[in-house]
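Trainee: kindly return the folded structure for what I paste below:
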Amino acid sequence: MADKLSNPRGTADILPNETPAWRFLEKTACELFRVYGYREIRTPIFEEVSLFKRSLGETTEVVNKQLLEVRSQRADAEDASFALRPEGTAPVVRVYNQNGLERAEGLSKLFYIGPMFRGERPQKGRLRQFHQIGAEAIGYQGDNPLLDVEMIALASRLLTAFGVNGFKLKVNSLGTAEDKAGFAQWLRAELKGKIGHLSEECKNQYERNVFRLLDSKDKDCQEVIRSLNIGTAHLSERGLKYFEAVKKGLDQLGIAYEVSNQLVRGLDYYTHTVFEISYEGLGAQDALGAGGRYNCLIEQLGGGDKRMDQPVAAIGFAFGIERILLALKDQGKLSDVKPSIDAYLVSFDRGFEDNAFQLVNTLRQEGISADMDFGGRAAKQQFTQADKRGAKFVLILGEEEVKNGAVSVKDMVTGNQVTVPLNNVVKQLKLMIEKGSI
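Mentor: Predicted structure coming up:
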């Protein structure tokens with residue numbers, strides 16, 4: 001017998017009993033995005049490597065260590081190298097630029113749901129293939145702190161709609177692009193004499209992207225960072241005014257948050273507002289999602305209108321679906337989301353299978369989800385199967401029912417049972433489904 005094959009390390013199969021929870025998150029997200037005026041966008045799962053090098057930054061850990069590059073084995077393939085997308089923002093910006101959305105729309109409010117890929121070291125809450133729900137607002141009309149507030153409020157409301165409790169929101173500001181550059185210079189100067197005893201990884205981060213040290217998990221590095229007096233001194237008057245407007249907006253909406261001066265996000269494109277939402281029940285990988293403003297990225301990737309005297313403004317966020325599900329599981333809420341069907345047909349005799357099959361298909365044609373046993377199992381086993389399938393009602397065909405042209409309907413929650421004529425079963429069953437019981 002051949003050996004069984006397994007899924008690749010760092011990936012996970014989503015089994016039929018798990019997909020209802022995924023569908024719940026996706027459906028809930030789509031509806032809330034609609035309420036906020038966001039429209040769905042879908043991009044390829046792979047892009048040219050240059051897109052991520054230009055957007056995320058060649059010194060970032062994502063580009064240096066985590067890109068999963070793909071190449072064609074065909075001899076006549078194009079020379080361009082590709083990578084599975086590690087995040088959703090850069091592809092959305094590429095679409096925005098390529099299709100001239102800045103000319104078609106004053107403000108493009110977009111959302112996406114789909115798989116992302118990184119060459120991670122697999123652990124709880126960190127996979128090589130993971131899934132994200134994200135939103136981006138891009139356009140010249142988007143340079144407004146109230147849009148930052150809207151984006152953070154949308155992210156917070158999504159988690160509430162999913163049923164996640166006890167999450168924490170942290171916000172910070174990197175200021176303008178000039179403020180951020182000055183902040184990096186200040187950090188280098190402050191850390192220059194303090195990194196000698198740190199790990200080689202921390203020293204490399206100091207050289208490549210000094211901001212990565214602020215959210216390092218290395219204990220020695222954390223101790224050094226805590227010794228710094230990081231405040232808002234790096235913010236210009238414009239940057240400080242913008243951040244104050246964001247905080248005022250959050251206060252007005254009653255959204256609880258904590259200002260964290262160490263929160264920077266490790267990607268090069270962020271400016272002004274950055275935020276992160278975490279749930280401590282996840283352990284080390286406690287971030288459910290994060291986002292921020294990236295006003296320079298559209299021009300950096302070749303977009304924008306040269307006639308305009310300002311960059312295209314943009315802000316976005318993304319949540320990890322797997323981490324949201326872990327949080328819901330930690331709170332004991334995944335059991336509330338079960339696969340179910342409206343009706344399951346149980347026949348007490350194999351001679352009634354044709355009758356059951358015809359009735360199942362009649363119900364399906366009327367939009368009622370229904371199924372039956374195809375294995376010739378005993379009635380007791382069919383009831384067990386109906387329960388496993390989450391059937392709300394069981395329709396029973398026995399000798400008496402077939403003789404009288406009727407079917408017995410049993411409520412699987414209350415145990416109540418009634419007999420209904422076959423010519424009226426669709427109407428009656430729809431009423432029961434709407435009511436939720438017999």
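Trainee: low-scoring stretches of the stretch 151-300 of the chain, by residue?
Mentor: Low-confidence segments of the stretch 151-300 of the chain, defined by pLDDT under 70: 266-267.
Trainee: show me where it has strands.
Mentor: Applying DSSP state E, counting those that start in this stretch to the stretch 151-300 of the chain gives strands spanning 168-173, 258-259, 271-278, 287-293.
Trainee: so what touches the second one?
Mentor: Read that as strand 258-259. Residues from elsewhere that reach strand 258-259 (C-beta atoms under 8 Å, 6 or more residues apart in numbering): 168-172, 247. Any C-beta I mention is one placed from the backbone N, CA and C, and that applies to glycine too.
Trainee: give me the buried subset of these.
Mentor: Buried by 16 or more other C-beta atoms under 10 Å: 169-172, 247, out of the contacts of strand 258-259.
Trainee: helix/strand/coil for D371?
Mentor: strand (DSSP: H, G, I helix; E, B strand; the rest coil).
Trainee: doesn't D342 make contact with it?
Mentor: No. Using C-beta atoms under 8 Å, D371 is not in contact with D342, being 9.5 Å away.
Trainee: tell me which of these two has more neighbours.
Mentor: Using other C-beta atoms under 10 Å, the more surrounded residue of D371 and D342 is D342, with 20 against 17.
Trainee: what about that one, which helix or strand?
Mentor: D342 belongs to strand 341-347 when assigned by DSSP states H and E.
Trainee: now the helix or strand just after that strand: buried residues?
Mentor: The helix or strand immediately downstream of strand 341-347 is helix 353-365, counting by DSSP H and E. Residues 353, 355-356, 359-360, 363 are the ones in helix 353-365 that count as buried (16+ other C-beta under 10 Å).
Trainee: now helix 353-365, how far from the centre of its chain.
Mentor: Mean-position distance between helix 353-365 and its chain equals 39 Å (C-alpha atoms, centre = their mean, to the nearest Å).
Trainee: now that helix and strand 341-347, what's the angle there?
Mentor: Angle of helix 353-365 versus strand 341-347, following axes from the mean of the first three to the mean of the last three C-alpha atoms, to 10 degrees, is 170 degrees.
Trainee: any idea how far G10 lies from V70?
Mentor: 16 Å (C-beta to C-beta, to the nearest Å).
Trainee: who has more neighbours, the two?
Mentor: G10 (18 against 13).
Trainee: the more buried one and V425, how far apart?
Mentor: Separation of G10 from V425 (C-beta to C-beta): 49 Å.
Trainee: with I138 instead?
Mentor: On the measure of C-beta to C-beta, I138 and V425 end up 53 Å apart.
Trainee: between these two, who's got more neighbours?
Mentor: Shown here are I138 and V425; by other C-beta under 10 Å, I138 has more neighbours (29 against 20).
Trainee: part of a helix, is that one?
Mentor: No. I138 is assigned strand when assessed by three-state DSSP, not a helix.
Trainee: next, A314: secondary structure please.
Mentor: Using three-state DSSP, the secondary structure recorded for A314 is strand.
Trainee: what pairs with the closest residue in space to it that isn't next to it in sequence across the strands?
Mentor: Distances taken as C-beta to C-beta, 6 or more residues apart in numbering place I138 nearest to A314, at 4.3 Å, with adjacent residues excluded. Residues in a beta bridge with I138, per DSSP bridges, are S108, A314.
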